[in-house]
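**Student:** Fold the following.
(2 chains)
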Amino acid sequence: MRHLSIGSLLGVALLAGAQISLAQNASVTISSPMEGATLSAMAQNKLVYEVVPGPRGDHVHLYVDDKEVAVVRQLKGSHALATLSPGPHSICIKVVDKGHTPIGVEQCVKVSVN
Amino acid sequence: MDLQNLAYAAIQVVHNFGAVAVVGSAAFALWAGQGAAGLRRTLAWVMLVGWGAQAASGGAFGGVSWLYYGRFPDIHGIAVAALLLKMACAATGFMLAAVYLYRGTGWSDRAQLRAWHALATLAVVALTAAAFLRWFS
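**Tutor:** Below is the predicted model of the structure:
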């Protein structure tokens, strides 16, 4: 029983270690808008990004204020944002695996819309 | 070899063969008509096992996500509707196949064919929904 518990703990630790290691090979970079940027509600705002999916990632999900707004399979480029209402907003890109599960690699920027 | 991808692939194999079983058994029963009357019970078993495999492997996909990331796939809108439709088809198909195995031999030929038409429809709807679940999120 004790061996089983130690074995289980080791297994979980190895899995977690492998998980962290694999996630570290993935990244998201949002180059526009910048953190804290002020956007115009009248303008066609674009999100410019670059994603390295790593061995576990497949594509990305785009969120505005924690609501998924798009599934994006292009790993580098720009995505036109729908008109944002005036006020503060959070825009996030999360790397997900083939089964649409976020792998824990994401970047968010907070913007303000006038 | 990445164990997570291996797990997904193994589950996908079961899921794919489940899909073949539910569509194939119904298609054969309908295509052969009276000629397959003696095989219908066997085909119903294939159908039952197929739906069971679909449901179990579908749940296992979510299980792998939970095991590796502590959360289920992040799906919304069309994908959620497609998933619910698939689950409804699997539950209905499984129950109909079970009822067919339990009582179907006593049904008229017309009633049996109606049951196979219903099973075929459920299979086609489930496979169509699967495509939307795969590509939407």
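**Student:** Going along the chain from the helix or strand harbouring B:Trp31, find the next helix or strand for me.
**Tutor:** Secondary-structure assignment from DSSP states H and E places B:Trp31 in helix B:3-32. Beyond helix B:3-32 in the direction of the C-terminus, DSSP H and E gives the next helix or strand as helix B:40-69.
**Student:** which ones are touching residue 28?
**Tutor:** If you meant another chain, say so; for now it's chain A. A:Tyr49, A:Glu50, A:Val51, A:Val52, A:Val60, A:Ile93, A:Lys94, A:Val95, A:Val105, A:Glu106, A:Gln107 (CB atoms under 8 Å, 6 or more residues apart in numbering or on different chains). Where you see a C-beta, it was placed from the backbone N, CA and C, and this is true even at glycine.
**Student:** ah, no, chain B please
**Tutor:** With CB under 8 Å, 6+ apart as the criterion, the residues that contact B:Phe28 are B:Ala36, B:Leu39, B:Leu43.
**Student:** I figured the first one was touching B:Leu43, is that so?
**Tutor:** Yes - the pair B:Ala36 and B:Leu43 qualifies as a contact (CB atoms under 8 Å) at a distance of 6.9 Å.
**Student:** Any idea which of the contacts of B:Phe28 the model trusts least?
**Tutor:** Checked by pLDDT, the contacts of B:Phe28 have B:Ala36 as the lowest-scoring entry (81).
**Student:** Next one: it relative to B:Trp116, how far apart?
**Tutor:** Using CB to CB, to the nearest Å, one obtains 9 Å as the distance from B:Ala36 to B:Trp116.
**Student:** next one: A:Glu106
**Tutor:** Between A:Glu106 and B:Trp116 the computed distance is 48 Å (CB to CB).
**Student:** now swap in B:Leu3 and tell me
**Tutor:** As defined by CB to CB, B:Leu3 lies at a distance of 40 Å from B:Trp116.
**Student:** same check, this time on B:Trp66
**Tutor:** Computed with CB to CB, the distance linking B:Trp66 and B:Trp116 is 36 Å.
**Student:** B:Gly52 - nearest residue in space that isn't next to it in sequence?
**Tutor:** Distances taken as CB to CB, 6 or more residues apart in numbering or on different chains put B:Phe94 closest to B:Gly52, at 6.4 Å, once the chain neighbours are dropped.
**Student:** and that neighbour, how many neighbours?
**Tutor:** By the other CB atoms under 10 Å in any protein chain shown criterion, the neighbourhood of B:Phe94 contains 20 residues.
**Student:** Could you say which helix or strand holds it?
**Tutor:** When secondary structure is defined by DSSP H and E, B:Phe94 falls within helix B:77-103.
**Student:** just how off-centre is stretch B:76-92 within its chain?
**Tutor:** Relative to the mean C-alpha coordinate of its chain, stretch B:76-92 is positioned 12 Å out (CA atoms, centre = their mean, to the nearest Å).
**Student:** how about that stretch: buried residues?
**Tutor:** The neighbour-count criterion (16 or more other CB atoms under 10 Å in any protein chain shown) identifies B:Ala79, B:Ala82, B:Leu83, B:Leu85, B:Lys86, B:Met87, B:Cys89, B:Ala90, B:Thr92 as the buried residues of stretch B:76-92.
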